[in-house]
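K.L.:
Any chance you could fold what I've pasted below:
(one chain, ligands or ions: 1)
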Amino acid sequence: MTRLKTSDISNISSRLQTYNRELLIKTGRTLLGIACHAYGKDEIRIKHRIKSFSIHVVPVTAGQGIITDFSETVTAILQFLGFNALVSDKPDTSGVALAFENKADAIMMADDHRFVGINLKTRSVADNSEATGRVFAAALDLMAKEIKDREVLVLGCGPVGESAARTLLSSGAQVALCDIYLPAARLLKERLCLYPGGNKIVIEEDVNIALSSYRYIIEATPSADTIPDELISDHTQPLLLVAAPGVPLGISNNGCKILKDRLIYDKLELGVAAMAIFLLL
Ligand code: 2YC
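P.N.:
Residues are numbered from 1 along each chain as shown. Predicted structure coming up:
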């Protein structure tokens with residue numbers, strides 16, 4: 001799991017309106033709309049419940065400790081969506097206790113291993129990796145105007161890639177798995193083969209061959225140079241659509257310019273939005 005740096009997230013809060021408009025152009029839905037789509041929830045009904053749902057974001061000092069702006073940024077995203085969200089005055093145990101004492105509906109917190117949301121009434125746990133894979137697959141579904149029966153390449157078979165692959169299968173897409181460590185792809189295929197459509201999963205062993213033969217890509221790797229520019233250029237892949245939950249982004253700045261409205265990526269927004277909707281389920 002890639003640990004975010006303050007420089008990765010410090011401009012998120014001030015860009016939420018702009019980002020929301022970008023998502024609307026690329027997918028036809030807003031940040032909230034994509035998160036609702038990921039869980040098949042009606043946005044209007046969800047909106048009514050959001051404003052009275054209180055979430056305490058609790059800083060965690062364990063391990064490598066607090067990331068400056070992390071809790072504040074998570075809170076800003078939740079407030080942008082309309083949640084009654086705040087950063088707890090206290091970290092760790094004291095922050096969790098305060099949330100219960102203040103009768104918060106949920107908490108969100110992250111140590112070095114997991115970033116979770118916990119509904120304090122239903123006890124449901126929203127996991128950032130699961131929610132992120134799911135919401136980026138949902139974004140690709142919207143960008144592609146229905147991913148059903150399309151062939152999608154999932155790069156990176158870790159927890160995020162796994163969740164994206166599972167979501168794509170449930171959307172009726174044909175999933176191809178690719179990982180720099182081949183056994184990871186094979187293991188994921190085994191885990192998914194019982195899902196509807198899982199028996200049709202293919203494994204792509206060579207990422208460069210795979211990249212030139214798929215129009216729809218989920219980039220869920222922790223490496224920065226997964227999709228080279230030459231595979232993005234307009235004449236080879238004019239209709240390529242990429243949803244990239246992987247941190248750091250596996251596409252160069254030049255590649256982003258070429259893809260423009262055919263690329264969705266962020267480091268926190270969509271995953272936090274999806275976690276929050278999951279807590280409302
Ligand atoms: O500020 C704090 O409370 C820190 N304990 C937060 C640590 C987050 C570590 N995880 C990450 O940087 C990211 C997550 C946002 C998702 C995967 N890695």
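K.L.:
Pull the contacting residues for the nearest residue to Thr132 once chain neighbours are set aside.
P.N.:
Excluding the flanking residues, the one nearest Thr132 by C-beta to C-beta, 6 or more residues apart in numbering is Gly271, at 3.6 Å. (C-beta placed from N, C-alpha, C; glycine too.) Going by C-beta atoms under 8 Å, 6 or more residues apart in numbering, Gly271 touches Asn128, Ala131, Thr132, Val135, Pro245.
K.L.:
Would you mind measuring from the nearest residue to the first one once chain neighbours are set aside to the ligand?
P.N.:
Using C-beta to C-beta, 6+ apart and skipping residues adjacent in sequence, the residue nearest Asn128 is Phe115, 3.7 Å away. Phe115 sits 4 Å away from the ligand, taking C-beta to the nearest ligand atom, to the nearest Å as the criterion.
K.L.:
Test of understanding: give the bridge partners of Phe115.
P.N.:
Ala110 (DSSP bridges).
K.L.:
Tell me the confidence at it?
P.N.:
Phe115 carries a pLDDT value of 98.
K.L.:
same deal with Ser212?
P.N.:
Ser212 is given a pLDDT of 89.
K.L.:
nearest residue to it other than its sequence neighbours?
P.N.:
In space, and not counting its chain neighbours, Ser212 is closest to Leu231: 5.9 Å by C-beta to C-beta, 6+ apart.
K.L.:
dump the residue contacts of that neighbour.
P.N.:
When contacts are counted by C-beta under 8 Å, 6+ apart, Leu231 touches Asn208, Leu211, Ser212, Gln237.
K.L.:
Just the ones in helices from those residues, please.
P.N.:
Asn208, Leu211 (DSSP state H).
K.L.:
what's the farthest-apart pair in the contacts of Leu231?
P.N.:
Farthest pair in those (C-beta to C-beta) is Asn208 and Gln237. Separation: 12.5 Å.
K.L.:
What parts of the protein come near the ligand?
P.N.:
For the chain, the residues in contact with the ligand (C-beta under 6 Å from any ligand atom) are 1-4, 59-60, 66-67, 70-71, 110-112, 115, 128, 268.
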